[in-house]
Every structure is written in structure tokens, then in C-alpha cells.
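1. output the structure for:
(4 chains)
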There are 2 protein chains.
Amino acid sequence: MGRPRGFDEAEVVRRAAGLFAGRSYDGVSIDELVTHLGVHRNSLYKTFGSKRGLYLAALRWSLEHEVTPLIERIREAGGPAEGLDGALGGADGGAALDLLLLAAAERAPADPEVATLVTGALAALDSAFAAPGPTEGGGPAGALTAALLGLRIRVRSGTAGAETTGSRAALARLLDRH
Amino acid sequence: MGRPRGFDEAEVVRRAAGLFAGRSYDGVSIDELVTHLGVHRNSLYKTFGSKRGLYLAALRWSLEHEVTPLIERIREAGGPAEGLDGALGGADGGAALDLLLLAAAERAPADPEVATLVTGALAALDSAFAAPGPTEGGGPAGALTAALLGLRIRVRSGTAGAETTGSRAALARLLDRH
DNA sequence: GCCTTTGAGGAACGGTCGTTCTTGACCGAT
DNA sequence: ATCGGTCAAGAACGACCGTTCCTCAAAGGC
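-> The predicted structure is shown next:
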């Protein structure tokens, strides 16, 4: 019954994740979403309830379809060096982390539900870095996750030249000795 | 000549830095600034020209009065461990980095002038971490700056428990061996 | 005294925000 | 063929956005 949808919900969420990964939550307007997502205003509110609902859907999508594969690559890597390389050295330069990064830096402090999602994702990253062997409490895995985020920030801000790659390699070299 | 000002410009910039450090650029409104800064709308535009002008002034103030002292503490520390502790372990938990952090993550990609300021500040942090001895190209200093930002993100997002302190110590321990 | 200059006070601007309403097209079921 | 229900299309909502304007108060120079 009813008229069939003229848009692909998964595709809409995917594109929304792309927009929210590039600009702050308040920096992305409904008009812009409607324009770039291929979904009508009315359908957007019918499907996601509100701008925040769409944002949460986009964040969840990103965690599942972008961050999780990245975590798998880290986990399957031989060590921190390969892990960081696998996470940041891909074709996208680590852009898969952008929505998580912005959510953690900007949205989590103001939205408890975002904070919960962020907490889970960062914990998963920690355990991926700590994978070979049970983690000793407060190991360097948390710091590696932090370094991952920080290095991605530098690339995003246009701050990082070739030094970033070198820094990553140098850090990884140090960590590999242990 | 003319009527004397009823507000302290430095104080206004300081408070603006506090507001912009807690929320995204678009998340802070002029009404909110006028309310919390103790300056009239008219005087704000007369003094800073625009919201962006006030933001840039606040960012510059933060870099000079918050980040620079932090850099000095890092530089005077005995090594990366003490440096990270000095930067993040203070009474504010590293809040001095917040405006720089948000500027790098959210504003720099959209505002070249912000990107320039961010680039300079991060380079200064790099050189502080690399202080003891001339830096070999692509040393781990850049990664330490990245880790500093990433660890602060975790604290801000409500994600970090006691693990963060432990992670910082563990990373620092590794780095101190070299 | 007055005049000029600058800041304070607050209303008001056009535009855009997130959200909702109204209308009509489309589809499966009856 | 008609009906019930879902979606598309777009106008419209009140609220708020960043910014400007107008008017009055307060100081220094003549």
C-alpha cells in the first residue's frame, strides 16, 4: 500500500555522513541536506524525525561502514606501525575517521547520545591497537587511538605536509620495538 | 575625546575565547556573545568588525596566552613524558588547547586565515616536543603533538576515564627510552 | 558655555534556520 | 473504479541568525 519511495534511505544516510564529516553540525543546514541528499524535506522528517535524528543515523552508519572496517585493518596489522599506516595511509587518507572525529570534538560534549557512540567507537579502536595479547591496564593503545585522531586532524586542517607521514612512521618505529 | 569605553577589550576577547572553546563557531551566536561578554552589540561590531573578526581575535588571544605558556612548559620538561604531563595534567586538564583543537578540526578547513594560525601553533608544539637536540626530519615530535590533541579530544568528549592518564604515561614511558 | 567625537542602548533589518502544513500524485488493495 | 495510505512538491511558519540604523549619554577641545 502507499506510494513507493523515490529515494534510497541507505544512500541518503551515506551522503549525509559525507556532509557532516566535512562541516560542523550547525554548519550543515537542512536546505543543504535536502539539496544534496536527493530526498524531499517532508520525507526527511518523516524518516528521521529531525536534523539530529538524521545526524545520529549518519554517525551510526559511519561507525558501522567506515570505522569498523578500519578497525579490522588495524587489528589484522602486524603492529602499531602497520595499524596506523593501514588506518591513515589508504586512498582517502583516513577520511573514514572524519565524522567520528568531528563528533568527538564538537558534538559529544553537547549530546550525550553522541558521546555514547563516540565512547564505544574509541574503545573499539583501543582494543584493536591492543590486539596482540591481553591489554595491560592503561597500555599505550589509548594513546595510539589519540595519535590516530590527532594525525587526522592535522591532515584535515591543511597543516600536515610530508612531515605527518614521517611522524607516523617515526612513532610507529618506536612503538614496534616493544 | 569621546565617551570612554565601558568594557575591557582584553576581557571581552578572553571570554569570547572561552565560549568558542566550548562550542563550534556556528554554535555560538551573537546574542550569546553579547550576553556573556559584557559588551554591547554595537561596540562589538565597532571593535571587531564581525563575528569572524572576534573569533580570530579570540583564537589569537588563546594562542598567545594559553597555548604559548603550555608550549613553554613542554619545552622546559625533561622529555615527552613530562611534556605531556605538563600539558594535559594541569588543573584545567589541558583546556588551554580547546580553542586550538576546535579551530583545527572544524574551522581551519573552511577558513584559510584560521588554517594559517593553526599551522603555526602546531609547528610550535612540534618544535617544543623536539626541543632537546635539533629535530631529524619527520621525527616523532609531530606524532606527539597529534597525540596531545587526540588525548584532549578524549577528555572533552567525556570518553576518557582513568585510562587516558594511564595511556599517556605508557606512551611517555616508551618514548622516554629513546 | 557649545561642538565634536565616541560609546551605549535598543529597535529593526533582510535572510536563513529547523520544522510543519497543504495539496496533489501515485500505488496496492478492495 | 474507487478507496486508503504513503510520498512528493513546495509554500509557509515562527524563531533566530548576523548585521545595521537611529537616538541619546558622556567625555575632551574650543
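
2. residues contacting residue A:86?
-> A:70, A:73-74, A:76-77 (C-beta atoms under 8 Å, 6 or more residues apart in numbering or on different chains). From N, CA and C alone the C-beta is placed, and that goes for glycine too.

3. what does chain A have sitting close to DNA strand C?
-> A:1-4, A:26, A:28-32, A:41-42, A:45, A:50-52 (C-beta under 7 Å from any atom of the strand).

4. let's see 10 Å
-> A:1-4, A:6, A:25-35, A:40-46, A:48-55 (C-beta under 10 Å from any atom of the strand).

5. just the ones of these in helices?
-> In helices, judged by DSSP state H, the following of the residues of chain A next to DNA strand C are found: A:30-35, A:41-46, A:48, A:51-55.

6. from the residues you listed, list just the buried residues.
-> A:33, A:43-44, A:48, A:51, A:54-55 (16 or more other C-beta atoms under 10 Å in any protein chain shown).

7. biggest helix in chain A, by residue count?
-> Every helix in chain A considered (DSSP H), the longest is helix A:112-129.

8. lowest average confidence, helix or strand, in chain A?
-> Using mean pLDDT, DSSP states H and E, helix A:162-176 stands out as the lowest-scoring helix or strand of chain A, at a mean of 61.

9. contacting residues for the nearest residue to residue A:145 once chain neighbours are set aside?
-> Spatially, and ignoring its direct neighbours in sequence, residue A:145 is nearest to residue A:125 (4.3 Å; C-beta to C-beta, 6 or more residues apart in numbering or on different chains). Contacts for residue A:125 (C-beta under 8 Å, 6+ apart) come out as A:67, A:71, A:74, A:145, A:148.

10. and if you look at residue A:73?
-> So residue A:73 contacts A:83, A:86-87 (C-beta under 8 Å, 6+ apart).

11. check the gap between it and chain B for me.
-> Separation of residue A:73 from chain B (C-beta to the nearest C-beta, to the nearest Å): 19 Å.

12. in three-state terms, label that residue for me.
-> Three-state assignment for residue A:73 (DSSP: H, G, I helix; E, B strand; the rest coil): helix.

13. give me the pLDDT value at it.
-> Confidence at residue A:73, expressed as pLDDT, is 91.

14. and it, how far is that from DNA strand D?
-> Counting by C-beta to the nearest atom of the strand, to the nearest Å, the gap from residue A:73 to DNA strand D is 36 Å.

15. how about residue A:150?
-> Relative to DNA strand D, and taking C-beta to the nearest atom of the strand, residue A:150 is found at 28 Å.

16. can you say which helix or strand has that residue in it?
-> helix A:141-156 (DSSP states H and E).

17. how about residue A:62?
-> Going by DSSP H and E, residue A:62 is part of helix A:51-62.

18. hmm, that helix touching DNA strand D?
-> No - judged by C-beta under 10 Å from any atom of the strand, helix A:51-62 makes no contact with DNA strand D; its nearest approach is 12.3 Å.

19. for residue A:63, see how far away the closest residue to DNA strand D within chain A is.
-> The nearest approach of chain A to DNA strand D comes at residue A:2, 2.3 Å away (C-beta to the nearest atom of the strand). Distance of residue A:2 to residue A:63, computed by C-beta to C-beta, to the nearest Å: 31 Å.

20. more neighbours: which of those two?
-> The neighbour comparison of residue A:2 against residue A:63 (other C-beta atoms under 10 Å in any protein chain shown) goes to residue A:63, with 20 against 4.

21. residues contacting that one?
-> So residue A:63 contacts A:100, A:117, A:120-121 (C-beta under 8 Å, 6+ apart).

22. what of residue A:114?
-> Counting by C-beta under 8 Å, 6+ apart, residue A:114 has contacts A:56, A:59, A:103, A:107-108.

23. low pLDDT regions in chain A?
-> Across chain A, the ranges flagged by pLDDT under 70 are A:131-139, A:159-178.
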